[in-house]
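A.B. asks: Sequence first, predicted coordinates after that:
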Amino acid sequence: MKGRHISHLDTPSLLLDKRVMKQNLQNIVQFAEANHVAYRPHIKTHKSIDIAKMQLESGAVGITVATVGEAEVMVSGGVENILIAFPIFTAEKLERIYQLLDRAEIILTIDSEEQVDVVNEFFRQKDERVYVWLKVNSGLNRCGVEVEDVKALVERMTDKNYVELTGIYTHAGHSYAASSTEALEEIAEKEAEVVLASAHICESLGVQVAHKSIGSTPTFKIAGQVDGITEIRPGNAIFYDMVQVGLGVATIEDCAVTVASRVASIKRNRIVIDAGSKTLSLDKGAHGNESIAGHGYIKEYPELIISRLSEEHGVIDCNPEDYPQLAIGDVLTIVPNHACTVVNLFDQYVVHEDGSIIEAWDVSARGRLK
């Protein structure tokens, strides 16, 4: 495969432009350095040991994962500092985390008093102290406690001997549905505000919080500039996608991941490609972004819309007579709507520079949902 041009690949294939990805990474690192904040990328976007190592080598202090399975894969690849950004509460998963502690520092998420009791009791039986970060809600209304409930939860934690609170974080995922630059700025400011307010409550109780962390690709360059914030956790920013383009956060040229697909059939009112929902996913933006048209952006023909997906088929409703240059077997390059979900559908990235294939990287943590 090495040395071949991407136009000769079997399709559908997941393409990664290494030059664009490295430029995105450099931009994040430069922002972090300029604003004196740590960089802890969320790897659920790329799920790759190779990319995680690049981020760490570029200065990341650790990584963020969504699942214990992702943490296990990353520890197997040598990653030594991991925040699990989901409240873990079952003994089975806590046991798996415990098995990782001799090889990596694992930070757990806490967002309820009941979970504090479960985690503390588990690690009391192991006679092991574990670091935890408190997740607060900044408007996404998913996991995370409200600021007014932080005091009671922190007091509950201070009564325990096996959980040590060292950080506060939030995720402003609702920024993906922002309707304007002003709305995005307001969300980002609230994101930083709730973290700092929660940290102030902790400190008033005598608990010093070293890490005050914000995430979200659309907001990290705004909230990350607020005085007192110590860390950023963007995930999608390593690749970008059509949701980010629609928000004005990135351009098409910033999108490092694309899907190569071939024209499979041409009928009188449609063109069919070999990329369906098992390739492009049906995700048009999980938090309600309205900028998305169709199921991906075709770089060669931006005016064509992938209007329908079934499992293996993508359907472009159009008059093929308007595109006499398109023939069965032609390759189209598609920028995904949501890169994170598309990546999870593939086993490997085809890594290229200027269209020339240089290597293949495994999507190491693909499907590690537990």
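C.D. replies: Done, it's in.

A.B. asks: Tell me where the chain has helices.
C.D. replies: 18-35, 49-57, 68-76, 91-98, 113-126, 150-158, 181-204, 220-223, 242-247, 277-280, 339-343 (DSSP state H).

A.B. asks: Against which helices or strands is the longest one packed?
C.D. replies: For helix 181-204, the contact count by 3 or more Cβ pairs under 8 Å, 6 or more residues apart in numbering; DSSP states H and E identifies helix 150-158, strand 163-169, strand 211-214, helix 220-223 as packing neighbours. Bear in mind the C-beta positions are built from the backbone N, C-alpha and C, glycine included.

A.B. asks: now those as TSV including mean neighbour count, mean pLDDT and distance to Asn337?
C.D. replies: Listed next are those as TSV, based on neighbours: other Cβ atoms under 10 Å; pLDDT from 0 to 100; distance: least, Cβ to Cβ, whole Å:
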stretch	mean neighbour count	mean pLDDT	distance to Asn337
helix 150-158	17	96	35
strand 163-169	21	98	26
strand 211-214	24	98	24
helix 220-223	24	98	20
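
A.B. asks: okay if I get the helices of the chain as a markdown table plus distance to His8?
C.D. replies: Below are these laid out as a markdown table (distance: least, Cβ to Cβ, whole Å):
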| stretch | distance to His8 |
| --- | --- |
| helix 18-35 | 18 |
| helix 49-57 | 23 |
| helix 68-76 | 31 |
| helix 91-98 | 42 |
| helix 113-126 | 52 |
| helix 150-158 | 56 |
| helix 181-204 | 41 |
| helix 220-223 | 38 |
| helix 242-247 | 26 |
| helix 277-280 | 19 |
| helix 339-343 | 22 |
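
A.B. asks: and the gap between Asn24 and Gln244?
C.D. replies: As for Asn24, its distance to Gln244 is 10 Å (criterion: Cβ to Cβ, to the nearest Å).

A.B. asks: picking up where we left off before, nearest to Gly235, of the helices of the chain?
C.D. replies: helix 339-343 (7.1 Å; Cβ to Cβ).

A.B. asks: per-residue pLDDT, the nearest residue to Asp317 once chain neighbours are set aside?
C.D. replies: Of all residues not flanking Asp317 in the chain, Ser307 sits nearest, at 4.7 Å (Cβ to Cβ, 6 or more residues apart in numbering). Predicted confidence (pLDDT) for Ser307: 96.

A.B. asks: doesn't Gly294 make contact with Ser307?
C.D. replies: Yes: assessed by Cβ atoms under 8 Å, Ser307 is found in contact with Gly294 at 5.6 Å.

A.B. asks: quick one: which of these two has more around it?
C.D. replies: Gly294 (21 against 14; other Cβ atoms under 10 Å).

A.B. asks: Pairing partners for the longest strand anywhere in the chain, with directions?
C.D. replies: For the chain, the longest strand by residue count, based on DSSP state E, is strand 257-267. Paired neighbours of strand 257-267 in the sheet (DSSP bridges): strand 13-17 (antiparallel), strand 270-273 (antiparallel), strand 331-335 (antiparallel).

A.B. asks: now those in TSV, with mean pLDDT?
C.D. replies: Listed next are those as TSV, based on pLDDT from 0 to 100:
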stretch	mean pLDDT
strand 13-17	98
strand 270-273	98
strand 331-335	98
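
A.B. asks: what's the distance between the closest residue to Tyr297 other than its chain neighbours and Thr181?
C.D. replies: Excluding the flanking residues, the one nearest Tyr297 by Cβ to Cβ, 6+ apart is Val335, at 4.3 Å. Separation of Val335 from Thr181 (Cβ to Cβ) stands at 22 Å.

A.B. asks: So the two - more neighbours on which side?
C.D. replies: Per other Cβ under 10 Å, whichever of Val335 and Thr181 has more neighbours is Val335, with 23 against 12.

A.B. asks: Make sure Asp299 is actually in contact with Ala260.
C.D. replies: Heads up, residue 299 is Lys, not Asp. No: contact criterion Cβ under 8 Å: Lys299 and Ala260 do not qualify, at 10.5 Å.

A.B. asks: what touches both of these two?
C.D. replies: 332-334 (Cβ atoms under 8 Å, 6 or more residues apart in numbering).

A.B. asks: Specify the residue ranges that define each domain of this structure.
C.D. replies: 6-13+249-362, 18-238 (automatic domain parsing).

A.B. asks: and the residue nearest to Asp317, what is it in contact with?
C.D. replies: By Cβ under 8 Å, 6+ apart, the contact set of Ser307 is 294-295, 315-317.

A.B. asks: which of the residues you listed tops the neighbour count?
C.D. replies: Within the contacts of Ser307, most neighbours by other Cβ under 10 Å means His295, with 26 neighbours.
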